[in-house]
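**Student:** The amino acid sequence is not available; the structure is as follows:
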Ligand code: NAI
Ligand code: MG
């Protein structure tokens, strides 16, 4: 077994003196920040130290109705009448302002959600800006996206997003909706509303006509008020499969369109002929990136039998070098779990995994006393029927199995209610083509993982969702083609 080398790093925390946060956030309706009808506010905390960051308005039915009215009015009077190239300029302006404030947004994203600053700085914020840039370009070129067809906007769209990529999901939702001429009521998740509210400030600064984007905060009830509102033409949702099913039932027969991006249980497959060190790095990234709070996380690993000892030993060694701790520290690899509820869920799955007979290995890192933390964890000696192999954990927990043949691993990978993503590591192009063709998943990476681009569509099969986001496919979810 190779020896693990551990380096000691001095703390390198990112500064927080440059960020501007209010003590209390209101609802963003009709271009203005307004108090909620109920007068109620909830707290958003920093999950790495459990300290309150700000109070946030709780929108009820009346507030949602106000937001929808404002969006409808903006749609009918302004946004649908505006030349497409003018729409594009507004979206471009949002992208530019976001880029200018990238550092502030990264720090706030990390404080509110717990993810390492390195990720919010290098992934979340730049990708969010890239989505606005990309879609700004489409606004006046829809006739090329849909040749020979007329792309008509839908009207007011309702968008509900989760806490794992708060700003990025807001960008995934807003940019294509605006580019295609729709107006929006967006609801961020209740544990991570702050970057959406900062985005509202940018939207105001970009002079977007009032009502084109409305942002309402709150939990499930606020989401339900959006889903059930009669004047909303489409629901775009990212989150749990349970809520996705609720939305499908709620909109059935209403004529509302919907796109749902739900859970996943991605198979990451490593063949004997793979470049093993690179693959180990990729496996680590696939499951421990963002504390495993990723719908496309590579949470099932299938290793070909001949290399399983080597791969598992290398994985353990690499896990020991991962730095778990202060999300604002630039050296941190693994930050805080987003909420107490999510931590409990992860812990209960880890207990279950041991009970089901799995062998557990956790890195020996020490976890901070305050806040919500979970050590990187792997399970071996598990089988296909175990719940930790079948169900989405949404945390830094990897279930490892071995396989002998290509057909066997394809069958195992497909034995899942989900079909969002997957990974394959091999030196042989032919194997890549065979595996990617036969696995029922929306996105499959080969010799890499977690690569995103606004131009490539992302979406799942089976219980992973309906429709795609990104690229022309993503645009098509926001138009009626004439
Ligand atoms: P969730 O699905 O409850 O939350 C996602 C969003 O939906 C939030 O904005 C929430 O306020 C809203 N919401 C909740 N109930 C609603 C309802 N009845 N109608 C309309 N909107 C509603 O997810 P939650 O409870 O935060 O996480 C539970 C599990 O879901 C996680 O452990 C994970 O497995 C999965 N999940 C998957 C995500 C993905 O990206 N696919 C993202 C977040 C969670
Ligand atoms: Mg928070």
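**Tutor:** Yep, that arrived. Remember, predicted model here, so these are calculated numbers, not experimental data. Ligands and ions are numbered 1, 2, ... in the order given.
**Student:** In contact with the nearest residue to residue 119 once chain neighbours are set aside, which residues are there?
**Tutor:** Spatial nearest neighbour of residue 119, chain neighbours left out: residue 290 (6.0 Å); criterion: C-beta to C-beta, 6 or more residues apart in numbering. From N, CA and C alone the C-beta is placed, and that goes for glycine too. Contact analysis of residue 290 by C-beta atoms under 8 Å, 6 or more residues apart in numbering lists 115, 119, 164, 165, 335.
**Student:** give me that answer again for 10 Å
**Tutor:** For residue 290, the contact set (C-beta atoms under 10 Å, 6 or more residues apart in numbering) comprises 113-116, 119-120, 123-124, 164-165, 297, 334-335, 338, 396, 450.
**Student:** Per the annotation, how does the chain divide into domains?
**Tutor:** In terms of domains, the chain is parsed into 24-262+464-481, 267-446 (source: automatic domain parsing).
**Student:** What residues does this structure have near ligand 2?
**Tutor:** 44, 112, 191 (C-beta under 5 Å from the ion).
**Student:** which strands and helices sit next to the host helix or strand of residue 260?
**Tutor:** For residue 260, the host element (DSSP states H and E) is strand 257-261. For strand 257-261, the packing partners by 3 or more C-beta pairs under 10 Å, 6 or more residues apart in numbering; DSSP states H and E come out as strand 156-160, helix 166-179, strand 234-238, helix 241-251, strand 458-459, strand 465-466, strand 468-469, helix 471-476.
**Student:** who does the helix or strand that the second one is followed by pair up with?
**Tutor:** Translated: helix 166-179. Under the assignment DSSP H and E, the closest C-terminal helix or strand after helix 166-179 is strand 183-187. Here strand 183-187 is paired, per DSSP bridges, with strand 156-160 (parallel), strand 213-215 (parallel).
**Student:** isn't residue 107 right next to residue 328, touching?
**Tutor:** Yes: with contact defined as C-beta atoms under 10 Å, residue 107 reaches residue 328; the gap is 7.0 Å.
**Student:** Check the gap between residue 152 and ligand 1 for me.
**Tutor:** 26 Å (C-beta to the nearest ligand atom, to the nearest Å).
**Student:** hang on, the earlier thing: just curious, which of the contacts of residue 290 is nearest to residue 158?
**Tutor:** The nearest member of those to residue 158, counting by C-beta to C-beta, is residue 165 at 19.0 Å.
**Student:** distance of the nearest residue to residue 164 once chain neighbours are set aside from ligand 1?
**Tutor:** Sequence neighbours aside, residue 293 is the residue nearest to residue 164 in space, at 4.1 Å (criterion: C-beta to C-beta, 6+ apart). Relative to ligand 1, residue 293 is positioned 7 Å away (C-beta to the nearest ligand atom).
**Student:** What is the three-state secondary structure of residue 301?
**Tutor:** Under DSSP: H, G, I helix; E, B strand; the rest coil, the three-state class of residue 301 is strand.
**Student:** Could you tell me the phi and psi values at the residue lying closest to it once chain neighbours are set aside?
**Tutor:** Distances taken as C-beta to C-beta, 6+ apart place residue 400 nearest to residue 301, at 4.6 Å, with adjacent residues excluded. According to degrees, to the nearest 10, the main-chain angles of residue 400 amount to phi -110, psi 130.
**Student:** what about residue 288, distance to residue 213?
**Tutor:** As for residue 288, its distance to residue 213 is 34 Å (criterion: C-beta to C-beta, to the nearest Å).
**Student:** Quick one: residues contacting the closest residue to residue 225 other than its chain neighbours.
**Tutor:** Setting aside the residues directly before and after it, residue 225 is nearest to residue 64 in space (C-beta to C-beta, 6+ apart), at 4.0 Å. For residue 64, the contacting residues are 27, 29, 37, 158, 185, 187, 214, 216, 218, 221-229, 232, by C-beta under 10 Å, 6+ apart.
**Student:** In strands, which of those residues appear?
**Tutor:** The strands, defined by DSSP state E, take in 27, 29, 158, 185, 187, 214 from these.
**Student:** Please enumerate the helices of the stretch 1-150 of the chain.
**Tutor:** 61-74, 84-100, 102-113, 117-119, 125-138, 142-145 (DSSP state H, counting those that start in this stretch).
**Student:** right, so those helices: which one is the most enclosed?
**Tutor:** helix 102-113 (a mean of 24; mean count of other C-beta atoms under 10 Å).
**Student:** hmm, it in reach of ligand 1?
**Tutor:** No: using C-beta under 6 Å from any ligand atom, helix 102-113 stays clear of ligand 1, coming no nearer than 11.3 Å.
**Student:** could you give the angle of that helix to helix 125-138?
**Tutor:** 120 degrees (axes from the mean of the first three to the mean of the last three C-alpha atoms, to 10 degrees).
**Student:** Adding mean pLDDT, write the helices of the stretch 1-150 of the chain out as a markdown table.
**Tutor:** Output for the helices of the stretch 1-150 of the chain, formatted as a markdown table (pLDDT from 0 to 100):
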| stretch | mean pLDDT |
| --- | --- |
| helix 61-74 | 98 |
| helix 84-100 | 98 |
| helix 102-113 | 98 |
| helix 117-119 | 98 |
| helix 125-138 | 98 |
| helix 142-145 | 97 |
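**Student:** so which of these comes closest to residue 364?
**Tutor:** Between the helices of the stretch 1-150 of the chain, helix 117-119 lies closest to residue 364; by C-beta to C-beta that is 22.2 Å.
**Student:** just how off-centre is the closest one within its chain?
**Tutor:** 15 Å (C-alpha atoms, centre = their mean, to the nearest Å).
**Student:** Then stretch 383-392?
**Tutor:** 22 Å.
**Student:** ok, and for that stretch, which residues are buried?
**Tutor:** Buried residues in stretch 383-392, counted by 16 or more other C-beta atoms under 10 Å: 386, 388, 389, 391, 392.
**Student:** which one of the residues you listed sits closest to ligand 2?
**Tutor:** Ligand 2 lies nearest to residue 392 out of the buried residues of stretch 383-392, by C-beta to the ion, at 21.4 Å.
**Student:** what's the closest non-adjacent residue to the residue nearest to the spatial centre of the chain?
**Tutor:** Nearest to the mean C-alpha position of the chain, counting by C-alpha atoms, centre = their mean, stands residue 165 at 4.2 Å. Sequence neighbours aside, residue 124 is the residue nearest to residue 165 in space, at 5.9 Å (criterion: C-beta to C-beta, 6+ apart).
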